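>>> I need the structure of the sequence given here:
(one chain, ligands or ions: 1)
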Amino acid sequence: METSIRLAEAKLRAYKQEHVLKMLKDLPKPAQQKLIKQIDRIDFERLFKALDEHNQSKKPDIASVTPIPYEDWDCYEEQEKHAFTEIGWELLRKGKIGAIVVAGGQGSRLGHEGPKGTLDICLPSGKSLFQLQAERLLNLSGSAGRLIPWYIMTSPDNHDATVSFFQKHQYFGYSALDCFFFQQNTLPALDLEGKLLLTADGAIKEVPSGHGECFASLKRSGAIADMKQRGLSWLFYYNVDNALIKVADPAFIGVAASHNHPIATKVIEKSDAGEKIGIVCLNHGRPAVLEYNEIPDHINEARTNDGRLFYSLGHISIHLFKLAFIEEYADADVPLHIASKKLDYLGNKVMRDVPNAYKLERFIFDFFPYADQLTVLRASREDEFAPVKNKAGDDSPHSARQLVLAQHMRWLHAAGIRLDMLKQREIEISPLLSYSGEGLNIEVLNNPSSNI
Ligand code: UTP
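Residues are numbered from 1 along each chain as shown. Predicted coordinates for the structure are as follows:
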């Protein structure tokens, strides 16, 4: 014990964290032991190296960015679409596909009480984001003849609330055995002077450290072992907050499996240079994503002769990863990004709209350069992307609701229902009835079950 206290002391002094040392000495024995263990576990060198780089305004190396080849779903012949989709179905039938939702974020912009996946975006049915996802998975599972295992990444902050929500709703008809909840890794947060934040009960405050923690957290939690035992080959990865997400989309799976690269990503055409989404590209010849706030103007605003954005492949966090790739790179030291955030912490109250702390995060797309090649599939924005990020305005529950209902109108119209019969009506199609517009007819208008 004396040795470990001395080691902790040395570590704290080396990184100028004497305020933690002061707290350590004042703590009762059990809390002291806990804190010593925490100090031992935290990789201070890695943490403060990231902070130094941030303070020196070190920019990511994007000296050699070029466009990446991609496929466009809309440019395939009908025959090709059918063939790809059938390959995807075959893998679903063979039980080779799992789905992972990253739901460990703090959702600070949205400000919803509770985990983001529990949000009801005010569709007529009142379904939560989690329920929409569960029902899409159930629809596919029904046709495939087996349940698609569902991995749900939470954080220590929202784990219990997430699991309780699933229990309260009987897993939305899913099997509890096929829902694998696991908590993501966390990292200490820092104040703007680079001092570790503390909690009232004598610990160093840690916060969820980005979706890029997903592979390491899958490994630590035993989820990778579970996937191997089930014989999975691919994992469909998505954000919890996309109301239009086509979870485990057979067509996308078919394209990914046919190209057989370690990763596939679905993209949409960026609406304009100012849109706050990253771009998928090559950097030094390797697959990469540039975050919107990292893209220099000359890249962001470059246009082709016909006036379209030169770098137009918008990243929307829909990926397929080969399980072998996840296993190989689970411990890769992907970069730590630093973001200024508003955090509540001991001795400090959040001032409205003023960031008061640094949060360290890893991003999932920082694994892209580890893949020699990336399959990029461009798909239609209106069918794929309804993000819920903000309380109101763009990318809000309201805009996502409108996008879902507009999609269901298009489906009904494509099923032969006249527009004048749809006017002034809000019709929501249950994902249990239709996954992507198939199997609809006029009966839907009279059948109340399709409205729930
Ligand atoms: P965002 O980057 O939009 O973050 O997450 P957020 O936490 O939802 O919202 P803000 O930025 O605080 O307003 C994109 C996806 O990554 C997940 C989120 O849950 C969301 O599905 N995520 C983010 C994690 O799972 N863990 C994290 O540490 C961060």
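
>>> Need the pLDDT of R425.
In this model, R425 is scored at 86, pLDDT.

>>> and if you look at the one 5 residues further on?
S430 carries a pLDDT score of 96 in this model.

>>> backbone phi and psi for it, please?
Main-chain torsions, S430, degrees, to the nearest 10: phi -70, psi 140.

>>> One more: Y151?
According to degrees, to the nearest 10, Y151 has phi -110, psi 130.

>>> V388 is in contact with L110, isn't it?
Yes. If you go by Cβ atoms under 8 Å, V388 and L110 touch, sitting 6.6 Å apart. C-betas here are computed from N, CA, C, even on glycine.

>>> if I pick Q106, what's in contact with it?
155, 157, 207-208 (Cβ atoms under 8 Å, 6 or more residues apart in numbering).

>>> What helix or strand is it located in?
Here Q106 is covered by no helix or strand, with elements defined by DSSP states H and E.

>>> Touching both of V388 and L110, which residues are there?
By Cβ under 8 Å, 6+ apart, the residues touching both V388 and L110 are 116, 119, 241, 397.

>>> Would you mind measuring from the closest residue to the last one other than its chain neighbours to the ligand?
With sequence-adjacent residues excluded and distances taken as Cβ to Cβ, 6 or more residues apart in numbering, P397 is closest to I121, at 4.2 Å. The gap separating I121 from the ligand is 15 Å, by Cβ to the nearest ligand atom, to the nearest Å.

>>> for L47, same thing?
From L47 across to the ligand, the span is 16 Å (Cβ to the nearest ligand atom).

>>> Pull the residues that contact the helix ranked longest in the chain.
In the chain, assigned by DSSP state H, the helix with the most residues is helix 397-414. For helix 397-414, the external contacting residues (Cβ under 8 Å, 6+ apart) are 110, 119, 121-123, 243-244, 382-383, 385-388, 392-393, 419, 422, 426-429, 434, 436-437, 440, 444-445.

>>> Is it possible to mark the buried ones in those residues?
With burial judged by 16 or more other Cβ atoms under 10 Å, the buried subset of these is 110, 119, 121, 123, 243-244, 383, 385-388, 422, 427-429, 434, 436-437, 440, 444.

>>> How about residues contacting stretch 4-15?
18, 20-21, 24, 32, 35-36, 39-40, 44, 48.

>>> If we use 10 Å, what do you get?
By Cβ atoms under 10 Å, 6 or more residues apart in numbering, the residues outside stretch 4-15 that reach it are 17-25, 32-33, 35-40, 42, 44-45, 47-48, 51, 194-196.

>>> Low-confidence ranges, the stretch 351-452 of the chain, go.
Low-confidence segments of the stretch 351-452 of the chain, defined by pLDDT under 70: 351-352, 447-452.

>>> need the residues of it near the ligand, please.
Where proximity means Cβ under 6 Å from any ligand atom, the interface of the stretch 351-452 of the chain facing the ligand comprises K389.

>>> Residue in the stretch 351-452 of the chain with the shortest distance to the ligand?
K389 (5.7 Å; Cβ to the nearest ligand atom).

>>> check which helix or strand covers the nearest residue to that residue once chain neighbours are set aside.
Excluding the flanking residues, the one nearest K389 by Cβ to Cβ, 6+ apart is D395, at 4.2 Å. Take DSSP H and E as the rule and D395 turns out to sit in neither a helix nor a strand.

>>> Would you check that D395 makes contact with V388?
Yes. At 6.7 Å, D395 counts as touching V388 under the criterion of Cβ atoms under 10 Å.

>>> which residues do those two both contact?
In contact with both D395 and V388: 109-110, 241, using Cβ under 10 Å, 6+ apart.
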